[in-house]
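> fold the following and give me the result.
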Amino acid sequence: MTKVLTIFLASLLLICQMAIANDDLVIDSENQDLDYKNNTMFFSGNVKIQQGTLTITADELFVITKDGVGEKLIAKGKPAKFIQDDPASELLEASSNEIVYMINDRVLELNGEAKYKQGSSIVESGNIVFDLNAQRVKADGDKSTGGRVTTTIKTKKHSQITK
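Coordinates of the predicted model:
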């Protein structure tokens, strides 16, 4: 029975992730400029992008489309922010000067003063790539971080003190 329940829960999680990936993007901003001929869209002024449990906020957003379907988002801000508030996993928060979101692949690139936090783990570096489907993170240092990547993992002892 436990094995069946485990398989059911894993399947349910996979179905939820697939549903989020298939949700439409909803973009709210103060200004927009749509160029149908070149398959591009530009949004500015308190931009907010929503797709299921994913939210991106930025000063400006550039969207590349193909056949009327969004393929790539480039959000810029000081900083631009990304939040995935999925009840099936820990809250994921990220910020950087530029966020590139490959919609179909569900890959997030954080460029410039990048910071990623999930649960008690924090990663800070020049650039971070996060594969939302595979739940994998790759970080590289740049000049702003002295070529280094800093990761903070809270210990059990520290967690007990802060409660």
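> show me what the longest strand belonging to the chain is packed up against.
Looking across the chain with DSSP state E, the single longest strand is strand 69-84. Packing contacts for strand 69-84, counted by 3 or more C-beta pairs under 8 Å, 6 or more residues apart in numbering; DSSP states H and E, involve strand 40-51, strand 54-66, strand 92-102, strand 107-118. Yep, even glycine has a C-beta here, placed from its N, CA and C like the rest.
> after the last one, next one along is what?
With elements assigned by DSSP states H and E, the helix or strand that comes after strand 107-118 is strand 121-131.
> that following strand packs against which elements?
Judged by 3+ C-beta pairs under 8 Å, 6+ apart, the packing partners of strand 121-131 are strand 92-102, strand 107-118, strand 136-140, strand 150-153.
> of all these, which lies closest to L61?
L61 lies closest to strand 92-102 among the helices and strands packed on strand 121-131, at 9.3 Å (C-beta to C-beta).
> next, the angle strand 136-140 makes with the closest one.
Relative orientation of strand 92-102 versus strand 136-140 (axes from the mean of the first three to the mean of the last three C-alpha atoms, to 10 degrees): 80 degrees.
> list the strands paired with strand 92-102, with their directions.
Partner strands for strand 92-102, per DSSP bridges, with pairing direction: strand 69-84 (antiparallel), strand 107-118 (antiparallel).
> burial of D59, as a residue count?
D59 has 16 neighbours, counted by other C-beta atoms under 10 Å.
> mind listing what the residue nearest to it when sequence neighbours are not counted touches?
Distances taken as C-beta to C-beta, 6 or more residues apart in numbering place G77 nearest to D59, at 4.2 Å, with adjacent residues excluded. For G77, the contacting residues are T57, A58, D59, E60, N97, by C-beta atoms under 8 Å, 6 or more residues apart in numbering.
> relative to S121, how far out is the second one?
What that stands for is A58. 24 Å (C-beta to C-beta, to the nearest Å).
> those two: which is more packed in?
A58 (25 against 13).
> is it true that the more buried one touches V47?
Yes - counting by C-beta atoms under 8 Å, A58 touches V47, with 4.7 Å between them.
> where does this structure have low pLDDT?
Along the chain, segments meeting pLDDT under 70 span 1-21, 145, 157-163.
> now tabulate the strands paired with strand 92-102 in a markdown table and tack on distance to S144.
Below are those laid out as a markdown table (distance: least, C-beta to C-beta, whole Å):
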| stretch | distance to S144 |
| --- | --- |
| strand 69-84 | 12 |
| strand 107-118 | 6 |
